[in-house]
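[1] need a structure here:
(chains A and B)
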Amino acid sequence: ETGVTQSPTHLIKTRGQQVTLRCSSQSGHNTVSWYQQALGQGPQFIFQYYREEENGRGNFPPRFSGLQFPNYSSELNVNALELDDSALYLCASSLGFATNEKLFFGSGTQLSVL
Amino acid sequence: AQSVSQHNHHVILSEAASLELGCNYSYGGTVNLFWYVQYPGQHLQLLLKYFSGDPLVKGIKGFEAEFIKSKFSFNLRKPSVQWSDTAEYFCAALPSGTYKYIFGTGTRLKVLA
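    A predicted model of the protein is given here:
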């Protein structure tokens, strides 16, 4: 077990709706990053938060946003859902933000947009 | 654009066969390299990593990988696979100075008992 939990495990939404995905990191892990894994693809970096501030972002539009809270929980929000947003969303936590930090992944939230 | 390529999408081997999974990255600067594994029904977990030093790195469960800078490669190897190695394997690169892990598309390995 990684100590990283995500909720919900599965979610179905319709196009245009908004969704919030949640992640609970290991206690003491100050960094959380979010990834999108489409079917048949590897995870793609969405963004990273360190101590409640975004400190890195991938090639995702602004309708993908996040929050990190002092209690080691975090959220990924997606507005105006599109069909292509259907994917597995993974969060990963690490102790700090040094590049040699090991990532601890959650099991993911499977989002289906109809 | 920075990318990671995994050449084999599906690999089927018999137990005790040797394994080599290819991984190439496109980035001209310093890069940290990783192999992650996802066993059926489980989360992604780190198998091994390379940052610097000895280009041959050893990971868990008898896996090893060799960094060949001139070929931009980081192939994963195991001399003798077991049925329990059935999983999906992801190669990932982390360009120095960034936090953006770049993952390959993964290789599904099935080991027949």
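[2] use CA for all of it now, contacts and neighbours both
    Will do.
[3] Run a quick neighbour tally on residue B:11.
    15 (other C-alpha atoms under 10 Å in any protein chain shown).
[4] Report the contact partners of it.
    B:107-110 (C-alpha atoms under 8 Å, 6 or more residues apart in numbering or on different chains).
[5] Give the pairing partners of the helix or strand where it lies; include direction for each.
    Using DSSP states H and E, residue B:11 sits in strand B:10-14. Sheet pairing of strand B:10-14 (DSSP bridges) gives strand B:107-112 (parallel).
[6] Going by neighbour count, list what's buried in the partner strand.
    B:107-112 (16 or more other C-alpha atoms under 10 Å in any protein chain shown).
[7] and stretch B:99-113, what's its mean pLDDT?
    When pLDDT is averaged over stretch B:99-113, the result is 93.
[8] Give me the distance between the two termini of it.
    39 Å (C-alpha to C-alpha, to the nearest Å).
[9] Enumerate every residue touching whichever residue of chain B sits closest to chain A.
    Using C-alpha to the nearest C-alpha, the closest approach of chain B to chain A is made by residue B:105 at 4.2 Å. Counting by C-alpha under 8 Å, 6+ apart, residue B:105 makes contact with A:40-43, B:4-6, B:9, B:90.
[10] Tell me the residues of chain A that contact chain B?
    A:40-45, A:48, A:56-58, A:97, A:99-100, A:102-108 (C-alpha under 8 Å from any C-alpha of the partner chain).
[11] redo that, cut-off 6 Å
    Contact residues, chain A versus chain B (C-alpha under 6 Å from any C-alpha of the partner chain): A:41-43, A:105-107.
[12] now, which of those sits nearest residue A:8?
    residue A:107 (10.3 Å; C-alpha to C-alpha).
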